[in-house]
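Participant: Sequence first, predicted model second:
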Amino acid sequence: MSGTYYVENKTLDQVFGATSIVASIPSTWYIGLSTSTPNEAGTGVTEPSGGAYARIGVLNDKTKFGTAALGVLTNSAAITFVESTASWGTITYVVFYDALTSGNLWFYEALPVARAVASNTTVYFAIGSLTISNNNV
C-alpha cells in the first residue's frame, strides 16, 4: 500500500519536530474502493456510486491492524463491504481515508487482480490480505 504526500508530509513533520501528528491520526479508517488509479497527490480516486456502496469504517486499533515488522503492517481482521445492489464497476484499488465522505486519502493499494463487482456481490478482504508498508523505494 502506498502513502500519499499528505501522510508523508505529516510523518516528516512529526519525525523532525515541526508538528505533532497525533491529533491527525484517525481513530477510524474509512476504507473504500476505486475503479481508477490513485496517486501520491491524493487524487485520481473514482469510487463506485450507488448500488449500496459506502466506505467501511474500521477502528484504528491493534485488533484490526497487527504490529508492524520490517516496515510492513497487515490487517488482522477481515474487512467486508455490504452486498452490492447494482454494479460497482471494475475495482482496481483499495483506499484508506480519514472520513466517511471526502476527507484525506492516506493510503492506496492496487488489487492483485481487478475485480468486476456486479449486483449481489460482496467485496471481502481476508485477514492479512491488505499490506501497508513504509519502505523507501
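Facilitator: Thanks, I have the structure now.

Participant: Could you tell me whether T11 really is in a helix?
Facilitator: Yes - checked against DSSP: H, G, I helix; E, B strand; the rest coil, T11 lies within a helix.

Participant: Check whether it really touches I21, as I assumed.
Facilitator: Yes - the criterion here is Cβ atoms under 8 Å, and T11 meets it with I21 at 7.0 Å. From N, CA and C alone the C-beta is placed, and that goes for glycine too.

Participant: I'd like the distance between the residue lying farthest from the centre of the chain and A110.
Facilitator: The centre of the chain is farthest from one residue, G17, which by Cα atoms, centre = their mean lies 26.8 Å away. For G17, the distance to A110 (Cβ to Cβ, to the nearest Å) stands at 34 Å.

Participant: Helices along this structure, start to end?
Facilitator: 5-15 (DSSP state H).

Participant: in it, what spans have low per-residue confidence?
Facilitator: 18, 23, 134-137 (pLDDT under 70).

Participant: ok, 50 please
Facilitator: Applying pLDDT under 50 to the chain flags residues 137.

Participant: Counting residues, which strand of it comes out longest?
Facilitator: Counting residues, the longest strand in the chain under DSSP state E turns out to be strand 105-117.

Participant: can you give me the strands for the protein?
Facilitator: 2-3, 28-34, 56-59, 72-74, 79-80, 89-97, 105-117, 124-125, 131-133.

Participant: give me the number of residues near G44?
Facilitator: 15 (other Cβ atoms under 10 Å).

Participant: Can you give me every residue that contacts it?
Facilitator: S34, S36, T37, P38 (Cβ atoms under 8 Å, 6 or more residues apart in numbering).
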